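Enquirer: predicted model and sequence below, questions to follow.
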2 protein chains.
Amino acid sequence: MPDPILLPLDLPELDADLSGGFLRRTVHPSGLRVLTERMPGSRSATVGFWVGIGSRDEQAEQHDAPGSLGSTHFLEHLLFKGTPTRDAMQIATSFDRIGAENNALTAKEYTCYYAKVRDADLDGAVRVLADMVTNSVIDPGEFENEREVILEELAMAADDLADVANERFFETVLGEHPLGRPIGGSTETIRGARRDDVMSHYLAQYDPSTLVVTAAGAVDHDRLVELVLAGLDAAAALEGGERWGTGKDRFPVRRPQGEAGADPAGADPADGTPADPVQGSQADAAAELRLVSRESEQLNLMIGTRGLRSGDPRRFAFGLMNAVLGGGMSSRLFQEIREKRGLAYTAYSFGASYSDAGAFGMYAGTAPEKAAEVIELANAELQKVAESGVTEEEHERVLGQISGSSALALEDSDTRMGRLARAELGSGELYTLDASLERFAAVTPEDIRSVAAELAAAPRSVVAVGDVSRSTLA
Amino acid sequence: MPDPILLPLDLPELDADLSGGFLRRTVHPSGLRVLTERMPGSRSATVGFWVGIGSRDEQAEQHDAPGSLGSTHFLEHLLFKGTPTRDAMQIATSFDRIGAENNALTAKEYTCYYAKVRDADLDGAVRVLADMVTNSVIDPGEFENEREVILEELAMAADDLADVANERFFETVLGEHPLGRPIGGSTETIRGARRDDVMSHYLAQYDPSTLVVTAAGAVDHDRLVELVLAGLDAAAALEGGERWGTGKDRFPVRRPQGEAGADPAGADPADGTPADPVQGSQADAAAELRLVSRESEQLNLMIGTRGLRSGDPRRFAFGLMNAVLGGGMSSRLFQEIREKRGLAYTAYSFGASYSDAGAFGMYAGTAPEKAAEVIELANAELQKVAESGVTEEEHERVLGQISGSSALALEDSDTRMGRLARAELGSGELYTLDASLERFAAVTPEDIRSVAAELAAAPRSVVAVGDVSRSTLA
């Protein structure tokens, strides 16, 4: 079996050719990291500026201090609002006029600003993104305006009951863990946010050591490095300060596992051995039933527990288990809940993994009257895999499923761009498709059963959002 | 200016090479049409089986007869439920085991069953799709089960207030026109649907003359034609009847404009001259205010009127007008409603075009208290374009926007697959990217102002879904 490509995160070589010129990684002494994957024949490229700061890095205790809840997402919005040389309209125009697919997203462990463009438009997009990320002025007027926009975004999310169920699920399963909090903060924290605090958060967290730039498609690695460094130097000149200076040696920041977001159970993954996915929840959270009453036709159900952290070696076994349980039309949940009984239009299972915690869940939207039956069915299916494992046919089928869907996904430069960044900011391991498929192929039936058994043995919570009064859950 | 590629719909050549071997079209004497676009270097393909039958072809008067409301969408679900040689689980498994991206969709004027797969998996996917589309058994037990699934799908849609606003908008703007009806039917029509009526709908509407098969990516045209014909012949042998027989000469069905879905205003596009986009609504529908009260944080607002039908030559001018008005971050609606005033997270405009009618609308999700202000702003922006047109900078920007976004979209085989079918089933014209961009470039500033003026002069309706009691609209 060929070795997977391991990104040498602890050996910051200045420049590493990881795959015959197609895959390259540069670590600048300032801490800046640039990774590219060239896709021969591609006439477009996707570039992302990733900052290894997410909602988990916020301070739960202070609503009106740097890094208050929701301020990372607030900051993401503000970076579109202007620099000393580009106002908000100029930033918007520079992407629109080339028909770019561009946006930004704030996640629990990172923030990303990206654009997909034609090959000839790449340099221009990189210049604008570099300016946005390094030179935001955070104008007080724009700040107040954007506060209203974010309040509307939160209102929109509050009207999406599946979205509400998802947020309540992470709160319920991860408890007091910083990863359990909603990414956008709340109406209260956004109303209370202060411009100077968000500015301080920006100044404290955004610098070359937290910045990872990745690109895939029609991209020239050396040219990208040159453009990004020029952007940082320009920012350093503008600020007259130290933040973006590339002359200073820094070490790239990788999240020290177990630090700010320490697992409440005290599991320590720093020694390389993964914590039991279950222990955290057993120590800290019992099975909980959380009902959120809203006017609705359907009840949005989420059933689950703590799962695997991103570096967990059992993630390949989990991926296969999850595909059998709830990963497609032929999966057990889809068959039992929808195809055989017509209880739901949507039914699936999922895993969400972070550096030091994770969640595993099953989702279905169903008539409130049928919620108890759906929960029973979902639990029974998990239990069956835990006890009897998967059939040979299922095992073979989901290996084929992962092989095919991975190949299709990797045709898109945006998928490859994101994969580079998540590997760099996350596990530190980047697999070629073949190496990844070999890891999946090496999983035994007992590995699959065993990971299901561990999840099934953990206290399992239920979140239901909708017209709970029509259900028998209350 | 090079001519656009015009599909010779009225001259059913047996085989036409439309672009140096890359783009080919076969019209079989049975009426079956197959169109492919080969994308060099591609290692995957998307194939779609399109049937030129949509919700508009249903009978509004009969809830319990063939073609009752919602039966086209019901039928789409049922085609996944089994044939004489494959049961529902085998169909699901055949796609899942290759990691296909597959699904189906019912629209107002067509139904589509598609799969995106690796090149080596294409033949297998075509065989399964051909079997599904031609040989559905519509088992009575599966029918009853699927009725429940569709009721859950309708319940899910009813909980999505933007979705509700969208359906009410088409009803309001298109009035009694069959295109104004919701695609999925209603709880009542689905509860009342009978298996034998849906079967009759299937037998009456699905045959080679309504079937269009399109594929893009790593596809061999002759091989695809061969596989589809083999599928039809197998179906003809199975049924022992006439429906799928390819020996019989038929003429491919193209929707006779103005027939079943005749414009109530009596506009007759059969002579090739487009009806005024405005006349239909003026004759039949006044500006209407439609309030739907639901528990919500946001009010979902849609403001609009009748628009252009798909073959309207002004569609290029409309495309530019729509991009300036509400097509991106730099568009007027986004700037005025979100960026300057923070009244919404989402604000855009859109057009929807069908063979003999269309709609034009503006959308925003806003706090109910601010709804009146948002409506006023949206109307004012449309009026400004109608009176003063667009600036030179805007004109140039949206040309670049369409050029860039089209090039990016056409990198995907699914986009190209869908484009072939919509051209064949819709306008009958397929443009190369260059020819399409030249049409956009030929639009004058006065063309843009003029199409906005026509839309602005029409009676404009408002649909609001959410907590209307907090608004001043009632």
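Expert: That came through, no problem.

Enquirer: helix or strand: which one has the residue in the stretch 101-250 of chain A positioned nearest to chain B?
Expert: Here the stretch 101-250 of chain A gets closest to chain B at one residue, A:Glu148, 2.9 Å apart by Cβ to the nearest Cβ. For every residue, glycine as well, the C-beta is placed using N, CA and C. A:Glu148 is part of helix A:140-159 when elements are defined by DSSP states H and E.

Enquirer: one step back: contacts only, for the residue of the stretch 101-250 of chain A closest to chain B.
Expert: B:Arg341, B:Gly342, B:Leu343 (Cβ atoms under 8 Å, 6 or more residues apart in numbering or on different chains).

Enquirer: need those in CSV with pLDDT, can you?
Expert: CSV is the format used below for these (pLDDT from 0 to 100):
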residue, pLDDT
B:Arg341, 98
B:Gly342, 98
B:Leu343, 98
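
Enquirer: between those residues, which sits nearest chain A?
Expert: Chain A lies nearest to B:Gly342 out of the contacts of A:Glu148, by Cβ to the nearest Cβ, at 2.9 Å.

Enquirer: the closest one - that's part of a helix, no?
Expert: No: counting by DSSP: H, G, I helix; E, B strand; the rest coil, B:Gly342 is not found in a helix; it is coil.

Enquirer: verify the stated contact: A:Leu79 with A:Asn135.
Expert: No: using Cβ atoms under 8 Å, A:Leu79 makes no contact with A:Asn135, being 9.3 Å away.

Enquirer: who's more crowded, the two?
Expert: Per other Cβ atoms under 10 Å in any protein chain shown, whichever of A:Leu79 and A:Asn135 has more neighbours is A:Leu79, with 24 against 19.

Enquirer: ok, that one - contacts?
Expert: A:Ala104, A:Tyr113, A:Met132, A:Val133, A:Ser136.

Enquirer: for the residue in the stretch 301-450 of chain A positioned nearest to chain B, which residues are in contact?
Expert: Ranked by Cβ to the nearest Cβ, the top residue of the stretch 301-450 of chain A for proximity to chain B is A:Gly404, at 2.3 Å. For A:Gly404, the contact set (Cβ under 8 Å, 6+ apart) comprises B:Arg97, B:Ile98, B:Gly99, B:Ala100, B:Val117, B:Arg118, B:Asp121.

Enquirer: same thing but 6 Å
Expert: Residues in contact with A:Gly404 (Cβ atoms under 6 Å, 6 or more residues apart in numbering or on different chains) are B:Ile98, B:Gly99, B:Arg118.

Enquirer: ok, and the closest non-adjacent residue to it?
Expert: Leaving aside its sequence neighbours, A:Gly404 sits nearest to B:Gly99 (Cβ to Cβ, 6 or more residues apart in numbering or on different chains; 2.3 Å).

Enquirer: just curious, which of the contacts of A:Leu79 is nearest to B:Asp312?
Expert: A:Ala104 (36.5 Å; Cβ to Cβ).

Enquirer: check contacts around A:Phe334.
Expert: A:Ala347.

Enquirer: ugh, wrong one, I meant A:Phe440
Expert: A:Phe440 touches A:Phe316, A:Ile402, counting by Cβ under 6 Å, 6+ apart.

Enquirer: okay, and the beta partners of A:Ala464?
Expert: Counting by DSSP bridges, A:Ala464 forms beta bridges with A:Leu291, A:Leu301.

Enquirer: straight-line length of stretch A:169-179, end to end?
Expert: 11 Å (Cα to Cα, to the nearest Å).

Enquirer: what residues does the stretch 151-300 of chain A put near chain B?
Expert: Counting by Cβ under 6 Å from any Cβ of the partner chain, the residues of the stretch 151-300 of chain A close to chain B are A:Glu152, A:Glu153, A:Ala155, A:Met156, A:Ala158, A:Asp159, A:Leu161, A:Glu295, A:Ser296, A:Glu297, A:Gln298.

Enquirer: give the closest residue to the third one in space, chain neighbours not counted.
Expert: In space, and not counting its chain neighbours, A:Ala155 is closest to B:Glu297: 3.6 Å by Cβ to Cβ, 6+ apart.

Enquirer: quick check: the one you found is in a helix.
Expert: No: counting by three-state DSSP, one finds B:Glu297 to be coil, located in no helix.

Enquirer: in this structure it contacts A:Asp159, no?
Expert: Yes: counting by Cβ atoms under 6 Å, B:Glu297 touches A:Asp159, with 5.4 Å between them.

Enquirer: more neighbours: which of those two?
Expert: Between B:Glu297 and A:Asp159, counting by other Cβ under 10 Å, A:Asp159 is the more crowded of the two (24 against 20).

Enquirer: residues contacting the more buried one?
Expert: B:Leu161, B:Ser296, B:Glu297, B:Gln298.

Enquirer: number of residues surrounding the last one?
Expert: The criterion is other Cβ under 10 Å. On that basis, B:Gln298 has 28 neighbouring residues.
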